[in-house]
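Asker: Task: produce atomic coordinates for the following.
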Amino acid sequence: MAGGRRQAPPREDVLAAAMEMIAERGLEKLTMAALGREVGMSSGHLLYYFGSKDELLLRTLEWSEGRLGAERGRLLTRTAPALERLDAYVDLYVPYGHRDPHWTLWLEVWNRSQNADADARERQAAIEGAWHRDLVALLAEGISRGEFRRVDPDRFAARLRALLDGFSIHVAIGLRGTDRAQILRHVREFLADSLLADA
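Answerer: Presented below is the predicted three-dimensional model:
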């Protein structure tokens, strides 16, 4: 009815708008007031829903990771050699370039996690854990089929993800001499040397 109270947008719409703002304007422009203007809510209303900017960022990351997790699941369950699916995993993991919005958000959440409570840390660990479990399962499958060397899947996954994180941070912050294509080449060389040798 005309002049009636406006309904707040669904929480998913707010999270999508936050992610879009990070992509278009950068994280520094994502304030509660600016996001409120974007979705037609007051900053006070947003604070009522999320409690703090830290919580908004973590919820946005969880929402974004949910979408990435679904895409990762589709890629990893395809009928294809394990190496091809591992390549797709790496491709999905590594940022698309400087200021990649997903990685920009990850870096901010990691930075803020120094002072986060136990619940926030657990939720962040759950996101990390999903990536790790999927990689371990893929490595174990490739080993069982004789496509990969007989490595410990859990230890190898931990090391590969540390390598991917380090390289990905370089790409996301725009470190000179580390673009996405170069990083993907480094990772593929590492996998060829450590996982495919003697296969």
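Asker: Next SSE downstream of the longest helix seen in the chain?
Answerer: Longest helix in the chain, counting residues (DSSP state H): helix 118-144. Proceeding N to C from helix 118-144, the next assigned helix or strand is helix 153-173, under DSSP states H and E.
Asker: Where does the prediction get shaky in this protein?
Answerer: Applying pLDDT under 70 to the chain flags residues 1-9, 197-199.
Asker: What ranges does it have for its helices?
Answerer: Applying DSSP H to the chain gives helices spanning 11-25, 32-39, 43-50, 53-76, 82-93, 101-112, 118-144, 153-173, 180-191.
Asker: In a markdown table, list those along with mean neighbour count.
Answerer: To be clear about C-beta, it is placed using only N, CA and C from the backbone, and glycine gets the same treatment. Output for the helices of the chain, formatted as a markdown table (neighbours: other Cβ atoms under 10 Å):
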| stretch | mean neighbour count |
| --- | --- |
| helix 11-25 | 17 |
| helix 32-39 | 16 |
| helix 43-50 | 16 |
| helix 53-76 | 17 |
| helix 82-93 | 18 |
| helix 101-112 | 19 |
| helix 118-144 | 16 |
| helix 153-173 | 17 |
| helix 180-191 | 15 |
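Asker: State the distance from the spatially closest residue to Ala33 that is not a sequence neighbour to Asp91.
Answerer: In this structure, Ala33 finds its nearest non-sequential neighbour in Ser43, 4.6 Å apart by Cβ to Cβ, 6 or more residues apart in numbering. As for Ser43, its distance to Asp91 is 38 Å (criterion: Cβ to Cβ, to the nearest Å).
Asker: From the chain's centroid, how far away is stretch 141-157?
Answerer: Taking Cα atoms, centre = their mean, to the nearest Å, the mean C-alpha location of stretch 141-157 is offset from the chain mean by 24 Å.
Asker: what does that stretch contact?
Answerer: 81-83, 86, 132, 135-137, 139-140, 194-199 (Cβ atoms under 8 Å, 6 or more residues apart in numbering).
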